[in-house]
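how would this look folded up:
(one chain, ligands or ions: 2)
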Amino acid sequence: LARGVREPDLAGRHVVVSAGGTREPLDPVRFLGNRSSGKQGYALARTAAARGARVTLLAANAALPDPAGVDVVPVGTAVELREAVLRAAADADAVVMAAAVADFRPATYAGGKIKKQDGQEPAPIALVRNPDILAEVSGSRARSGQVVVGFAAETDDVLANGRTKLKRKGCDLLVVNEVGERKTFGAEENEAVILGADGSETPVAHGPKEALAETVWDLVAERLGRTDP
Ligand code: CTP
Ligand code: CA
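Ligands and ions are numbered 1, 2, ... in the order given. Next up, the predicted model:
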């Protein structure tokens with residue numbers, strides 16, 4: 001093989017990647033959202049396709065061009081993303097939740113634009129919890145041997161928080177990023193530790209999001225290697 005060309009170690013596999021950030025509408029013109037650019041999820045989709053996988057990319061509000069050879073499914077809200085993930089996961093070998101999913105959504109949607117009222121304070125916005133898609137997919141593997149991967153941005157004791165989250169979610173791998181000023185959101189580069197449910201810890205040096213994506217697929221391929229495509 002030429003240098004830089006990888007073995008198609010994901011050939012015959014179907015992988016599902018969520019990317020971007022969900023938007024939870026308040027009224028026809030406003031939403032609660034987050035700063036996820038979608039770059040890490042798109043890098044995961046591109047690299048998986050280059051390694052021979054059939055890729056379904058569930059794209060939540062990412063302003064990025066569709067990667068070549070990838071099946072792109074646009075989604076808006078966490079509830080829509082959940083439906084799309086469960087549908088695509090039915091025959092998937094791996095599910096990677098790189099999307100930033102809103103934890104809460106407005107309890108009610110105003111069908112008309114919310115207007116200011118003269119002399120009145122604004123009404124508080126009541127929120128309700130969104131479903132935890134990663135925990136649900138991890139707990140109800142549609143296929144035996146399906147590999148489920150989550151992402152977490154943490155501050156403070158990043159690794160301890162990551163370990164606790166990995167257990168709570170029940171996924172196989174959790175990519176843990178440290179967040180802070182200028183770190184992660186919208187950046188071209190990333191730095192992480194990938195925690196495995198088997199106790200493994202794989203550090204990924206600061207570098208392009210593609211490099212982190214390749215390491216994620218290395219770990220996924222290693223786990224899939226034990227089962228036939
Ligand atoms: N996730 C999900 N559904 C949600 C929230 C998060 O599937 N409702 C997924 C994300 O896509 C990510 C992982 O779970 O892969 C971790 O997200 P994170 O926000 O760190 O986890 P939370 O359980 O929401 O914890 P926290 O209270 O720290 O935000
Ligand atoms: Ca969250």
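
So which helix or strand of the chain has the lowest pLDDT on average?
Ranking every helix and strand in the chain by mean pLDDT, DSSP states H and E puts strand 189-196 at the bottom, with a mean of 91.

Quick one: the strands in this protein, in order.
Using DSSP state E, the strands of the chain run over 14-20, 24-27, 30-32, 54-60, 71-75, 94-97, 104-106, 127-129, 147-154, 173-178, 189-196, 201-208.

how about the residues of the protein near ligand 1?
With CB under 6 Å from any ligand atom as the criterion, the chain meets ligand 1 at residues 78, 97, 99, 101, 103, 130, 132, 133, 134, 150, 151, 152. Any C-beta I mention is one placed from the backbone N, CA and C, and that applies to glycine too.

Can you turn the buried subset of the residues you listed into a selection I can paste into ChimeraX?
Burial among the residues of the chain next to ligand 1 is assessed by 16 or more other CB atoms under 10 Å; the matching ChimeraX selection reads:
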select :78,97,99,101,130,132,133,134,150,151,152
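
out of the residues of the chain next to ligand 1, who's nearest residue 19?
residue 99 (5.6 Å; CB to CB).

Contact partners for that closest one?
18, 19, 20, 21, 22, 36, 38, 41, 58, 60, 81 (CB atoms under 8 Å, 6 or more residues apart in numbering).

Quick check: the spatially most central residue of the chain vs residue 48, distance?
Nearest to the geometric centre of the chain sits residue 98, at 1.6 Å (CA atoms, centre = their mean). Separation of residue 98 from residue 48 (CB to CB, to the nearest Å): 11 Å.

One more: residue 97?
Distance of residue 97 to residue 48, given as CB to CB: 14 Å.

Point out where the chain drops to low pLDDT.
Scanning the chain for pLDDT under 70 picks out 1-5, 181-186, 226.

Now do the buried residues in the longest helix along it.
Ranked by residue count, the top helix of the chain under DSSP state H comes out as helix 209-224. Buried residues in helix 209-224, counted by 16+ other CB under 10 Å: 209-217, 219-221, 223-224.

Stretch 122-132 too?
Here stretch 122-132 shows 130, 132 as buried, counting by 16+ other CB under 10 Å.

ends of stretch 221-229, how far apart?
When the termini of stretch 221-229 are compared using CA to CA, to the nearest Å, they are 11 Å apart.

Report the distance from it to the chain centre.
Stretch 221-229 sits 21 Å away from the centroid of its parent chain (CA atoms, centre = their mean, to the nearest Å).
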